[in-house]
Structure formats: C-alpha cells, structure tokens
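*Asks:* Sequence first, predicted model second:
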Amino acid sequence: DDVQILKNKPPKWNDQVGAYVLNFNGRVTRASVKNFQLYNPTKDPEAVLMQFGRVGKDAFTMDYQAPLCALQAFGIALSSFDYKIACE
C-alpha cells in the first residue's frame, strides 16, 4: 500500500572496456541505450527490482520481482521504446 519510487541504477566505470557498464549477470548480451536496471534507493540500493536489455538484433529480455507485477514491468519496458526509437 505504500508508494515506492524506483530509480535507474547508475552505471559504473569499467577500466577493462573503457566505458560505463551495468552488471546484468549474463542476462543481457548486447550494448544498447535501452538497457536499464531499476532499484529502490530507500529500501535496498543493491537489489535490482527490474532489468531490461537487448539480447539480439530485435530481441530483449526482462526480469522483475516484487513489488512489480508482470503488467507493471511490461509497461515500463514498453515505455523505454518511446523516446529511444531513433537512437540506434
């Protein structure tokens, strides 16, 4: 019943690849501006509640857990396409 505010997890600099990266634990295999992870900074900053990322040319993967339901996670994932269509 309480409102939760989720934030995009900021990437960390990786000297090996010379870029900012997020750890998707092998679930996301392609770099994309559409890749993201959401977390709740007030509850557990290390716990990823949802992640979405590219795994192929036109294929993506989505993982989520409570407090999100499948419909909420899918809606969030779809909204990530709205303003990034022409970015790639």
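*Replies:* Alright, I've got the coordinates. Numbering: from 1, shown residues only.
*Asks:* count of neighbours near Asn40?
*Replies:* For Asn40, the count of nearby residues is 15 (other C-beta atoms under 10 Å). Backbone N, C-alpha and C define where each C-beta goes, glycine included.
*Asks:* cool, and Met50?
*Replies:* Neighbours of Met50 under the rule other C-beta under 10 Å: 19.
*Asks:* That one sits in which helix or strand?
*Replies:* When elements are assigned from DSSP states H and E, Met50 belongs to strand 44-56.
*Asks:* now for that strand, which elements pack on it?
*Replies:* strand 36-40, strand 59-64, helix 70-82 (3 or more C-beta pairs under 8 Å, 6 or more residues apart in numbering; DSSP states H and E).
*Asks:* Pull out the buried positions in that strand.
*Replies:* Neighbour counts over strand 44-56 (16 or more other C-beta atoms under 10 Å) mark Val48, Leu49, Met50, Gln51, Phe52, Gly53, Arg54 as buried.
*Asks:* hmm, back to that, of all the helices and strands packed on strand 44-56, which lies closest to Val28?
*Replies:* Checking these against Val28 by C-beta to C-beta gives strand 59-64 as the closest, at 6.3 Å.
*Asks:* for the closest one, packing partners?
*Replies:* With contacts defined as 3+ C-beta pairs under 8 Å, 6+ apart, strand 59-64 has these neighbours: strand 44-56, helix 70-82.
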